[in-house]
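K.L.:
One predicted model, sequence on top.
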Amino acid sequence: MRRLLIGIALGFMALFVVVPLATVFASAFRDGISAYVHALGDSEARSAIKLTLLVAAIAVPCNVVFGLAAAWAITRFQFPGKRVLVTVIDLPFAVSPVIAGMLFVLLFGARGWFPGSHIVFAVPGIVMVTTFVTVPFVARELIPALEARGPAQELAALTLGASPWQTFWRVTLPNVKLSLVYGAILCTARAVGEFGAVSVVSGHIRGETNTVPLHVEILYNDFHYQAAFAVATVLVWIALATLVIEQALRWRMRRRR
Amino acid sequence: MRRRALPGFGLSLGVTLAYLGLLVVIPLSTVVLKTAELPAGELWATVTSSRALASYALSLGASLVAASIDLVFGLVIAWVLVRYRFPGRRIVDALVDLPFALPTAVAGIALTATWSPHGLFGRVLPLAYSRAGVVVALVFIGLPFAVRSVQPVLEALDPRLEEAAATLGATRVQTFRRVVLPALRPALVTGFALAFARGLGEYGSVVFISGNMPMKTEITPLLIMTKLEQFDYAGATALALVILAASFAILIAVNGLAWRGKKRVRPPAAQVVR
């Protein structure tokens, strides 16, 4: 029974996860290492990587600050409408990426509420949709972490004469550090890889509004398969690094308990 | 209002409400307001066009089939990860989250390359560019939801309960059906619903593998995309409203279930003694 179940689990994982992953690398290195390096050194690929990093560098800090504020308000105070607020934080997860992109086209597009603003089909639009789809990640990790700690240590710090900001930096933040990093890592992975929503608002201007996932799509649709998979490996490396950090953080969180 | 002992209520709630208002609530309200601009007849015609109906059937059907497959294999994987020790267990545990971490576009081209007629599996069973291909992509996307919903509940389940059932003469099947399954049921429902909801809205991984033939392998998010590219914002909005309504209904149902589940939590032993 034990062997059969382990066999089924491993077989399923191989079928749906391991083999597709191996296919990415096999296709990327199909024409040798020099073709792989060439695909990554391409100027459009490089500008796509730069844009993706820029977008993540704005979206993630915004959601970290939001996550801290939301978690503090929700876990430390009682106020009417709290459960509605928690549901609203989760809403971006329930919105299809294509629809998320559409929302911003409806707001800022040619026939939108704020026409003429150069937001959609430009970099600001990409930043906004990416921030939208990654809103819940940090808050969702921080809320249970702060909830579990309770306010006792913070109250003690305040009683001993610490200022509110001292309490935040010296007591609250160190206590939830691991959960914060965990949420930020998940947020980064999604921000770097978001495809559907960004695809709607980007306008696909090569070298200008192409993120890495969009560049992969363009190469793939132009039948540059090897180059498409080579650029895709960049995203795979990021994903695998995310998983390793995730495991390490989880292990440390478990040990702390 | 009672005096607050902790500082920062105004600041933190203010930041939270302003951020959510600007970034989430105002954009989402455009859908409702845009739909209200449409004449009702036109709205109905868009939402019930044969192409739209075919896309709902595919999106719903493929998501249901994929979520069911994830439910079964997710349970097996969670079981194996919690109950057995074997070489490579931690790697498998980490890889379960890959569909979360891997960008959907990469998942799309990877699955397509694997299941296309030239691919490793596609040579034997070419599932790409068909409805089955859509299911393959959605199974991949939904897997972590199924596993991660069940895994913590299974970890908290005391194996001694099963041993007790066995010593009292229950067969393995009976123990599983009467002891394990009832404890896991809420988690299984949550995992299924989350995988299903994710499948309904999924775009990136599906567009590459489906072939995107109207009436046949065109999912609703792709149809919305097509309408946006033709600047038919009204049509896109109407279809988006259908998908949003379905996703929100699932989200509310899951939150309701989770809330009920919390209220009913008892130590596992008490459940059996009763």
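P.N.:
Everything's here; your move.

K.L.:
Only C-alpha atoms from now on, for both contacts and neighbour counts.
P.N.:
Will do.

K.L.:
Tell me the pLDDT of residue B:39.
P.N.:
Residue B:39 is assigned 85 on the pLDDT scale.

K.L.:
quick one: it from residue B:66, how far?
P.N.:
36 Å (CA to CA, to the nearest Å).

K.L.:
which one of the two has more residues nearby?
P.N.:
residue B:66 (26 against 9; other CA atoms under 10 Å in any protein chain shown).

K.L.:
Go ahead and confirm that one touches residue B:135.
P.N.:
Yes. Contact criterion CA atoms under 8 Å: residue B:66 and residue B:135 qualify, at 5.4 Å.

K.L.:
and the host helix or strand of residue B:188, what does it pack onto?
P.N.:
Under the criterion of DSSP states H and E, residue B:188 resides in helix B:181-201. Applying 3 or more CA pairs under 8 Å, 6 or more residues apart in numbering or on different chains; DSSP states H and E, one finds that helix B:181-201 contacts helix B:50-83, helix B:131-156, helix B:233-263.

K.L.:
how about the first one against chain A, any contact?
P.N.:
This points to helix B:50-83. Yes. Helix B:50-83 reaches chain A (CA under 8 Å from any CA of the partner chain) through B:73, B:76, B:77, B:80.

K.L.:
Kindly report the residues of the stretch 1-150 of chain A close to chain B.
P.N.:
Residues of the stretch 1-150 of chain A lying near chain B (CA under 8 Å from any CA): A:2, A:5-6, A:8-10, A:12-13, A:16-17, A:19-21, A:23-24, A:66, A:69-70, A:72-73, A:76-77, A:88-89, A:91-92, A:94-99, A:102-104, A:106-107, A:128, A:132.

K.L.:
Can you tell me which of these end up in helices?
P.N.:
A:2, A:5-6, A:8-10, A:12-13, A:19-21, A:23-24, A:66, A:69-70, A:72-73, A:76, A:88-89, A:91-92, A:94, A:97-99, A:102-104, A:106-107, A:128, A:132 (DSSP state H).

K.L.:
Whichever of the residues you listed end up buried, select them in PyMOL.
P.N.:
Buried residues among these (16 or more other CA atoms under 10 Å in any protein chain shown), as a PyMOL selection:
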select buried, chain A and resi 5+6+9+10+12+13+19+20+21+23+24+66+69+70+72+73+76+88+89+91+92+94+97+98+99+102+103+104+106+107+128+132
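
K.L.:
quick one: which of the residues of helix B:50-83 next to chain A is nearest to chain A?
P.N.:
residue B:77 (5.0 Å; CA to the nearest CA).

K.L.:
The closest one - how many residues pack around it?
P.N.:
Residue B:77, neighbours per other CA under 10 Å, totals 29.

K.L.:
Just checking, which helix or strand of chain A averages the lowest pLDDT?
P.N.:
For chain A, counting by mean pLDDT, DSSP states H and E, helix A:82-94 ranks last in confidence among helices and strands (a mean of 89).

K.L.:
Now tell me what touches it from outside.
P.N.:
Residues outside helix A:82-94 that contact it (CA atoms under 8 Å, 6 or more residues apart in numbering or on different chains): A:74, A:100, A:132-136, A:139, B:20, B:24, B:197-198, B:244, B:247-248, B:251.

K.L.:
Could you do stretch B:231-251 as well?
P.N.:
Taking CA under 8 Å, 6+ apart as the rule, stretch B:231-251 contacts A:94-96, A:99, A:102, A:106, B:31-32, B:34-35, B:38, B:43, B:46-47, B:52, B:193-194, B:197, B:200-201, B:220-221, B:223-225, B:227-228.

K.L.:
repeat for stretch A:113-125
P.N.:
A:104-110, A:126, A:201-204, A:209.

K.L.:
hang on, the earlier thing: which of the helices and strands packed on helix B:181-201 has the highest mean neighbour count?
P.N.:
Of all those, helix B:131-156 has the most neighbours on average by mean count of other CA atoms under 10 Å in any protein chain shown, namely a mean of 24.

K.L.:
ok, back up a step: let me have the residues of helix B:50-83 next to chain A in a markdown table, adding pLDDT as columns.
P.N.:
Formatted as a markdown table, the residues of helix B:50-83 next to chain A follow (pLDDT from 0 to 100):
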| residue | pLDDT |
| --- | --- |
| B:73 | 97 |
| B:76 | 96 |
| B:77 | 97 |
| B:80 | 96 |
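
K.L.:
Considering these, which is situated nearest to residue B:148?
P.N.:
Ranked by distance to residue B:148 (CA to CA), the residues of helix B:50-83 next to chain A are led by residue B:77 at 9.9 Å.

K.L.:
Tell me how far the residue most central in space within chain B lies from chain A.
P.N.:
With distances taken as CA atoms, centre = their mean, residue B:195 lies nearest the centre of chain B, 2.0 Å away. Taking CA to the nearest CA, to the nearest Å as the measure, residue B:195 falls 11 Å from chain A.
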